[in-house]
Each structure stands twice: as C-alpha cells, then as structure tokens.
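**Q** Fold the following.
(chains A and B)
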Amino acid sequence: MSFKIATIADAETAAGFALAGVQDVHIHERKEGTLAKLDELLVSKDVGIVFITYRIAEELGFEFRRRIKTKKLLPVVLRIPDKTGWLPKVDELHEIIRRTVGAEIIVKGGS
Amino acid sequence: MELLKLRQRVTLAQKGHDLLREKMDALVIEFFEIVRKIGIVRAKTMQQLSSAYRSLSTCFAVQGTIETYQAAREAKKEVGVDISTRHIMGILVPTIEAKLVERHALARGYGMYATSSALDEASRDFERALGDLIKLAELEEGAREIALELEKTKRRVNALEYVILPNLKSMVKFISMRLDEMERENFSRLKRIKAMFEGRE
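**A** Numbering: from 1, shown residues only, chains lettered A, B, ... in the order given. So this is what the prediction gives:
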C-alpha cells in the first residue's frame, strides 16, 4: 500500500523537505496548532511516516510522548535533528535498552 | 485431588517459563542485530542530513529567502512510501520501501528560469537525506516494537519465575506435608485403638 510522508518542522527545515517532495508539511508555530496537526496525522489512514524535529518534540514534551506511546503501528514517527543539528542528551532508544536489558549497549565499529 | 491439580499447574508454569525464556533470548538476538544496524544507518543519515542543511543554507544565501520558499511551495510533492508489515516472533514490524526519492532536476516542478543551481543541489541533498531517513524510520520503529515486546516478555518471565512458581511450589509443599501429617496421625490413632482392644481382652 502506498502512504504519504508528513513533516512537522520549523520554516527552513520544512522548506527543505518540501523541496524533496514531502506532501504534507506543517510549519510549527504554536504548540496548540502543532498538537492538533499531530493528532490529525496520527489518526489519518494514508500517512505512513511523520518526521518531527527533536526541538519541537521536546517543546511538546509530555503531550508528544503520550501520543507516541498510545499510537498504533502506523504512522511511524521519527524524530530528526533540525538545521542546528541539536540533539537531546538522552537518546530514547538507549533509554529503552537500558530499561529492558539492564545494561548499556555500545556498538563497536561498523562491520 | 487438589495436589494433583497443583502439580499439573506447576509443570505447566515451568513449561511456559521455559518457552518465554527462549522467546526472550531470540528477541534479544534480533534486537542486537537491529541496534547494530541502526548505529550504522543513523551515522550515515545524520551526515547526509547535515550536509543537506548546509546546502539549503547556501541556497538561502545565494538565492534569497523568499525565492527559496517560493520554490519549495512550487515543488512537486509526490513522494510516497510502500509500507508492509512483517512478523518477528509474533510482533508486527513495518517494512518501508521508498518509491521514488531522487528525481531529475526538471521533474521537481519549480521553474528553471528564476532558480539557481544552489537550489538544485539543496533539493538533491534533501532527496538523498529523505531516502536515508525513511530507512532509519523503518529500523527505529522495528527496534521500538521489539524493545516494548522484550519488556513485556521479561516482565512475564520474571512474574513466573519469582512469584507464580514459588507460590505454587510452596502450596504443593504445604499440602503434601499436611497429607503426611494426617497419615501419621491416623497411624498413631490405629496403634492406640489396637492397644485399647488388646487391653480389653
């Protein structure tokens, strides 16, 4: 099945993704508007991937995490760094690994 | 009767525990594999993305902000992905395939006349980055699903190992002790009755 890609980002990043051909680009301005858009994307049937920048995800905070936890398999939500390359200090995936495996996994080398 | 039933439950719990443990081991192997892949893909994607941002900034500088936004609005938006699901140990994991990411400069949809080559470069970089990101999205989502399942399985294994099995075992022990005690009581009672009979004769 074919799905659309959506992006939630600041204006410059959004412009870049629009140039690459992403159909649904939402420019983040205010928290409420972005949350409403996110809700709409999460329930829509034809959106496959949602890219959201780390900065906006951080700004939405708890509301964002709750929506990620309770979402269905699709759409896939992926957080990306924005144009400043800003990343949160604690990687969520590492956090999950630490909680489940009980140990930090360090992948050595790129074989 | 109750003892027999309990013993059955103990063997069942034991079997379930072993099975779940095996499932957990398999999941961990799968998980490590995917985490290793993510490490590689993520590094590559981040590099691609940062170079895309750099060429976008160049484009903003060379061509002007308004023109770039204009071009972004004009660009054809047609990228789609094929998503199907596959099972790993009973977990649904999405597989994503990008259909057509890198396009020809003429196929992008903005006008050739008013735009510079910096814009073409930025578009191309972003298309590449998008392709990488789609791959990364697939892997990360798979890892997330597996991690959640792993957490659930681990909780179940621990519940069986540390709560249910000891409980059942202590119940079995209690009942068998009680039965033994009853038997001993009965034995001594019979002895006593026998002694009483002998005393009467």
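**Q** tell me the strands in chain B, going along the chain?
**A** B:80-88, B:91-98 (DSSP state E).
**Q** Counting neighbours, show which residues of stretch B:140-148 come out buried.
**A** Judged by neighbour count (16 or more other CB atoms under 10 Å in any protein chain shown), stretch B:140-148 contains these buried residues: B:140, B:141, B:142, B:143, B:144, B:145, B:146, B:147. Where you see a C-beta, it was placed from the backbone N, CA and C, and this is true even at glycine.
**Q** re the thing from before, dump the strands of chain B into CSV; add mean neighbour count and distance to chain A as well.
**A** What follows is the strands of chain B, written out as CSV (neighbours: other CB atoms under 10 Å in any protein chain shown; distance: least, CB to the nearest CB, whole Å):
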stretch, mean neighbour count, distance to chain A
strand B:80-88, 14, 5
strand B:91-98, 18, 6
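**Q** per-residue confidence at residue 111?
**A** Just going to use chain A. Per-residue pLDDT puts residue A:111 at 37.
**Q** other chain: chain B
**A** Reported pLDDT for residue B:111: 68.
**Q** same deal with residue B:187?
**A** Looking at residue B:187, its pLDDT stands at 93.
**Q** give the contact list for the closest residue to residue B:115 other than its chain neighbours.
**A** Counting by CB to CB, 6 or more residues apart in numbering or on different chains, residue B:115 lies nearest to residue B:71, which is 5.5 Å off, once chain neighbours are set aside. Residue B:71 makes contacts with A:19, B:63, B:110, B:111, B:115, B:119, as judged by CB atoms under 8 Å, 6 or more residues apart in numbering or on different chains.
**Q** of all the residues you listed, which two lie farthest apart?
**A** Across these, the longest distance by CB to CB is 13.4 Å; it joins A:19 and B:111.
**Q** Surely residue B:84 touches residue B:138?
**A** No - contact criterion CB atoms under 8 Å: residue B:84 and residue B:138 do not qualify, at 10.7 Å.
**Q** Summarise which helices and strands the biggest helix by length in chain B is packed against.
**A** In chain B, with assignment by DSSP state H, the single longest helix is helix B:2-63. Applying 3 or more CB pairs under 8 Å, 6 or more residues apart in numbering or on different chains; DSSP states H and E, we find helix B:2-63 packed against helix A:11-20, helix A:92-101, helix B:65-74, helix B:117-159, helix B:165-200.
**Q** and of those, who's closest to residue B:90?
**A** Nearest of the helices and strands packed on helix B:2-63 (CB to CB): helix B:117-159, 8.0 Å.
**Q** What helices and strands are in contact with that closest one?
**A** Going by 3+ CB pairs under 8 Å, 6+ apart, helix B:117-159 lies up against helix A:11-20, strand A:47-53, strand A:76-80, helix A:92-101, helix B:2-63, strand B:80-88, strand B:91-98.
**Q** ok, residue A:19 and residue B:111, which is more surrounded?
**A** Neighbours of residue A:19 and residue B:111, each counted by other CB atoms under 10 Å in any protein chain shown, are more numerous for residue A:19; the result is 30 against 10.
**Q** lowest-pLDDT helix or strand in chain A?
**A** Within chain A, confidence by mean pLDDT, DSSP states H and E is lowest for helix A:92-101 among all helices and strands, at a mean of 68.
**Q** sorry, back to before: and for residue B:84 and residue B:138, which residues touch both?
**A** Contacts common to residue B:84 and residue B:138, judged by CB under 8 Å, 6+ apart, are B:94, B:95.
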